[in-house]
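Student: Next come a sequence and a model predicted from it.
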Amino acid sequence: MNWSEFSRWGSRISQWATDYHTTLRERPVRAQVLPGEIYAQLPAQPPETGEAMDAVMADFERIVMPGITHWQHPRFFAYFPANAAPPSMLAEMLVSTIAPQCMLWQTSPAATEMETRMLEWLRQALGLPGNFAGVIQDSASSATLAAVLTMRERALDWSGNANGLSGQPRLRVYTSAEVHTSVDRAIWVSGIGQDNLVRIPTRGPLRGIDPAALDTAIRADIEQGFLPCGVVACTGGTGTGACDDLAAVIKVAKAHGLYTHVDAAWAGSAMICPEFRTLWEGVDGADSIVFNPHKWLGAQFDCSAHFIADPESLVKTLAIHPEYLKTHGADGIINYSEWSVPLGRRFRALKLWFLIRSYGLEGLRERIRNHVAWSQDLAKRLSKEPGFEIVTEPVLSLFTFRLAGKSDSDMIDYVNRINADGRIYITQTRVNGRIAIRFQVGQFDATRDDVDAAFDVLREMTGAN
Ligand SMILES: *Cc1c(COP(=O)(O)O)cnc(C)c1O
């Protein structure tokens with residue numbers, strides 16, 4: 001492809017992107033294909049000779065688009081949002097054009113320095129104190145892995161990387177049953193092992209860790225010769241939005257010298273609104289906090305903000321210095337690849353800069369406040385509707401509900417019917433062992449009408465009407 005062709009196609013694809021976004025409501029939210037349908041349409045062998053972009057683009061429309069679930073659809077109420085606001089998309093177009101590798105300061109100083117500044121902006125936006133330094137990780141899973149590795153190394157006096165875990169005391173990490181599976185995987189990958197991830201019982205409507213039970217578990221483990229190394233707490237757990245009492249949990253952790261990591265991957269975005277910060281009261285005392293601007297805030301995936309109170313311990317855990325990565329003669333610089341597991345890094349700060357400058361914090365807050373208000377209204381309407389029962393009350397914009405008197409398999413049928421209908425998209429979870437439907441409002445372009453439409457669909461699809 002020559003550059004004049006590129007220019008033509010670039011314009012066409014920008015137009016395509018605009019048309020796509022402005023007609024999204026007409027498409028079914030979840031892809032309506034069967035397993036294997038897309039695969040079967042892709043030739044078994046790669047072409048030997050080049051094809052015209054017209055042909056490629058036509059096949060993209062014909063083969064690929066039917067197999068897309070539309071995460072940017074305003075009636076996407078499943079999982080959590082993965083918003084890509086228009087200014088963030090534009091920044092990503094620029095980044096994919098320049099395609100820099102931002103592993104070291106010198107491999108693109110602008111990317112490193114913009115990242116430092118953007119994380120300072122986000123830290124202030126969230127109301128976190130100035131002792132936190134930030135880095136962008138590719139995902140919350142990576143941030144949690146980095147935090148768990150830091151816990152491990154700190155507890156082993158920085159000997160785990162060198163010596164491995166065999167012959168070491170058995171490490172213990174404490175968490176609740178409400179945290180995301182990325183915590184389990186961090187425990188596997190770090191070599192700590194699932195059996196050493198201790199689930200502390202939760203209590204109260206927010207399903208937070210019982211701090212007294214945490215203290216008891218840590219003491220019992222110490223007595224038995226285990227080496228407790230950290231606590232992973234959550235603000236806004238994935239299933240129902242569980243929130244630990246961070247002040248109490250961190251107090252117990254600190255009394256035993258443990259490292260604390262807070263997973264606020266989804267709910268963190270809402271903390272740009274001061275009125276929601278009671279949900280993570282005490283977060284100031286954490287050692288590590290992760291939240292995903294690539295979920296609710298509008299910075300397109302991937303963009304996970306990881307704040308650390310003591311970056312030295314993270315760098316001590318992850319930095320590695322072969323000669324080919326040394327940058328001689330540049331003092332006082334940050335090489336962010338020393339703060340994360342992967343070496344290569346995309347220029348992810350640019351989309352934050354475009355996003356925050358375009359909307360201002362007030363513009364972003366307004367969206368989140370609307371989502372929370374609309375979701376809470378919907379939960380209230382459903383609670384008054386015969387045949388519906390709220391299982392967990394809204395935490396920010398997430399609540400769960402059930403159809404009264406229906407079995408788990410009836411509930412799964414109901415979810416499948418709704419998603420096959422295509423007007424809205426929802427998913428389920430388990431609460432106290434039983435299926436409940438999750439509903440969250442968080443899509444960047446969602447309106448109150450979209451949430452009202454969801455109410456109608458939810459009612460209509462019960463089959464009662
Ligand atoms: C989405 C989510 C994660 C995983 O985020 P990734 O960035 O996809 O790794 C972890 N924890 C919570 C609470 C989440 O909502």
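Tutor: Thanks, I have the structure now.
Student: need the residues of the protein near the ligand, please.
Tutor: If contacts are counted using C-beta under 6 Å from any ligand atom, the residues of the chain sitting beside the ligand are 80, 139-141, 180, 182, 234, 236-238, 263, 265-266, 292, 304. Using the backbone N, CA and C atoms, a C-beta is placed for each residue, glycine as well.
Student: so of these, which ones are in helices?
Tutor: 140-141, 182 (DSSP state H).
Student: Scan those and report the most crowded one.
Tutor: Each of these was scored by neighbours using other C-beta atoms under 10 Å; the highest score is residue 140's, at 25 neighbours.
Student: My guess is that one contacts residue 267. True?
Tutor: No: distance between residue 140 and residue 267: 11.4 Å, which falls outside the contact criterion (C-beta atoms under 8 Å).
Student: On the pLDDT front, check the closest residue to residue 183 other than its chain neighbours for me.
Tutor: Leaving aside its chain neighbours, residue 183 sits nearest to residue 232 (5.1 Å; criterion: C-beta to C-beta, 6 or more residues apart in numbering). Reading off the per-residue confidence, residue 232 sits at a pLDDT of 98.
Student: Which elements pack onto the helix or strand encompassing residue 232?
Tutor: When secondary structure is defined by DSSP states H and E, residue 232 falls within strand 227-234. In terms of contact count using 3 or more C-beta pairs under 8 Å, 6 or more residues apart in numbering; DSSP states H and E, strand 227-234 is assigned the packing partners helix 140-155, strand 171-175, helix 211-223, helix 246-255, strand 259-263.
Student: So which of the ones you listed has the densest surroundings on average?
Tutor: Greatest average neighbour count among those goes to strand 259-263 (a mean of 28), per mean count of other C-beta atoms under 10 Å.
Student: Show the average pLDDT along that one.
Tutor: Looking at strand 259-263 alone, the average pLDDT works out to 98.
Student: tell me the angle it makes with helix 246-255.
Tutor: 150 degrees (axes from the mean of the first three to the mean of the last three C-alpha atoms, to 10 degrees).
Student: Output the contacting helices and strands for strand 259-263.
Tutor: In this structure, strand 259-263 makes packing contacts with helix 140-155, strand 227-234, helix 246-255, strand 288-291, judged by 3+ C-beta pairs under 8 Å, 6+ apart.
Student: how about these, which one is nearest residue 403?
Tutor: Taking C-beta to C-beta, strand 227-234 is the member of those nearest to residue 403, at 27.9 Å.
Student: Sheet partners, orientation included, of that closest one?
Tutor: In the sheet containing strand 227-234, the strands it pairs with under DSSP bridges are strand 171-175 (parallel), strand 259-263 (parallel).
Student: quick one: low-confidence parts of the stretch 51-200 of the chain?
Tutor: Residue ranges of the stretch 51-200 of the chain with pLDDT under 70: none are present.
Student: Tell me where it has helices.
Tutor: According to DSSP state H, counting those that start in this stretch, the stretch 51-200 of the chain carries its helices in the segments 53-59, 86-98, 109-125, 140-155, 160-163, 181-189.
Student: Neighbours of the residue in the stretch 301-450 of the chain that the ligand sits nearest to, how many?
Tutor: Nearest residue of the stretch 301-450 of the chain to the ligand: residue 304, at 5.1 Å (C-beta to the nearest ligand atom). The number of residues packed near residue 304 is 26, by other C-beta under 10 Å.
Student: That one contacts residue 264, correct?
Tutor: No: distance between residue 304 and residue 264: 10.9 Å, which falls outside the contact criterion (C-beta under 8 Å).
Student: residues contacting the residue of the stretch 251-400 of the chain found nearest the ligand?
Tutor: Here the stretch 251-400 of the chain gets closest to the ligand at one residue, residue 265, 3.4 Å apart by C-beta to the nearest ligand atom. Residue 265 sits next to 80, 140, 180, 236, 290-292, 295, 304 when contact means C-beta atoms under 8 Å, 6 or more residues apart in numbering.
Student: same thing but 7 Å
Tutor: For residue 265, the contacting residues are 140, 180, 290-292, 295, taking C-beta atoms under 7 Å, 6 or more residues apart in numbering as the criterion.
Student: now do residue 182
Tutor: 140-141, 144.
Student: on that earlier part again, so for the residue of the stretch 301-450 of the chain closest to the ligand, what's the nearest residue that isn't a sequence neighbour?
Tutor: Excluding its sequence neighbours, the residue lying closest to residue 304 (C-beta to C-beta, 6+ apart) is residue 137, at 4.5 Å.
Student: can you pull out the strands in the chain?
Tutor: Counting by DSSP state E, residue ranges of the strands within the chain are 133-137, 171-175, 197-199, 202-203, 208-209, 227-234, 259-263, 288-291, 304-308, 388-395, 398-403, 427-431, 434-440.
Student: Distance from the last one to the middle of the chain?
Tutor: Relative to the mean C-alpha coordinate of its chain, strand 434-440 is positioned 19 Å out (C-alpha atoms, centre = their mean, to the nearest Å).
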